[in-house]
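1. whatever this is, show me its structure:
(one chain, ligands or ions: 2)
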Amino acid sequence: MGHLSVVSPPNTIELKNWHLDGRDITESEKRIKHLHGLFKDEESYNKLHPETLVYSVQAHHPVPEGTPGGLFFGTTIVQPGRVGTEYFMTRGHSHLNEERTEYYWGVQGEGILILMNKQRETWGENIFPGSLHFIRGFLAHRVANTGPTQLIFGASWPADAGHNYDDIAREGFSARLMEVSGKPTLVSI
Ligand code: PAN
Ligand code: ZN
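-> Ligands and ions are numbered 1, 2, ... in the order given. Model (predicted):
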């Protein structure tokens, strides 16, 4: 970049599916074998092929993790599927820096953003193409795919948010999203 120069940006988004291209992008995949203990029905979990893909994430990290004022940007694809009657979902986390907020938005498919506050009250917001979700601070968040096709959503979060997976791994959310009488339903645990 130089004074008066006009250049192409280092990154692009494929607007059909929000696939990210360019520099500073990380990719990660979560398969059934990586998600021990996440789903309620262990018998059904053990019957699934360990390599079954559950979700994948691309994230653009233009500044180092922890940079005050920095922003990250990502695309998550959750595959359609269930473990027993529980929908495929992300692990879920709160931010280590608990007051840090985040935007999610729906790109493709249908799902539910599951939110839980510090009092362990849990609720959901429908995700659909064009839905916009502001995740307030202090909320644990996770996404389940409730439809027959891939669920794709975008996210942007502060570079100094950090991710706390331990609390959710240990205590879970206070409700699980299950199919009950053919409908996605938050069921208290
Ligand atoms: C998202 C999530 C992404 C995957 O980018 O990290 O959807 O979910 P888990 O991190 O819970 O596995 C985000 O919320 N970043 O803060
Ligand atoms: Zn987050």
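
2. got the residues of this structure near ligand 1?
-> If contacts are counted using CB under 6 Å from any ligand atom, the residues of the chain sitting beside ligand 1 are 57, 74, 76, 90-93, 102, 141-142, 155, 157, 161, 163. (Glycine included, C-beta is placed from N, CA and C.)

3. hey, where'd the helices end up in the chain?
-> Using DSSP state H, the helices assigned to the chain run over residues 42-47, 166-171.

4. need the ones you listed in TSV (columns: distance to Glu179 and mean pLDDT).
-> Converted to TSV, the helices of the chain look like this (distance: least, CB to CB, whole Å; pLDDT from 0 to 100):
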stretch	distance to Glu179	mean pLDDT
helix 42-47	12	98
helix 166-171	22	97
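
5. and Tyr87, what is it in contact with?
-> For Tyr87, the contact set (CB atoms under 8 Å, 6 or more residues apart in numbering) comprises 81, 111-112, 144-146, 177-179, 184.

6. what about it, distance to ligand 1?
-> When distances are taken as CB to the nearest ligand atom, to the nearest Å, Tyr87 and ligand 1 turn out to be 14 Å apart.

7. ok now stretch 109-129, how far from the chain's centre?
-> Distance of stretch 109-129 from its chain centroid, counting by CA atoms, centre = their mean, to the nearest Å, is 11 Å.

8. residues in contact with that stretch?
-> Applying CB under 8 Å, 6+ apart, the external contacts of stretch 109-129 come out as 78, 80, 87, 89, 92, 104, 106-108, 131, 133, 135, 138-147, 149-153, 173-175, 177, 184, 186.
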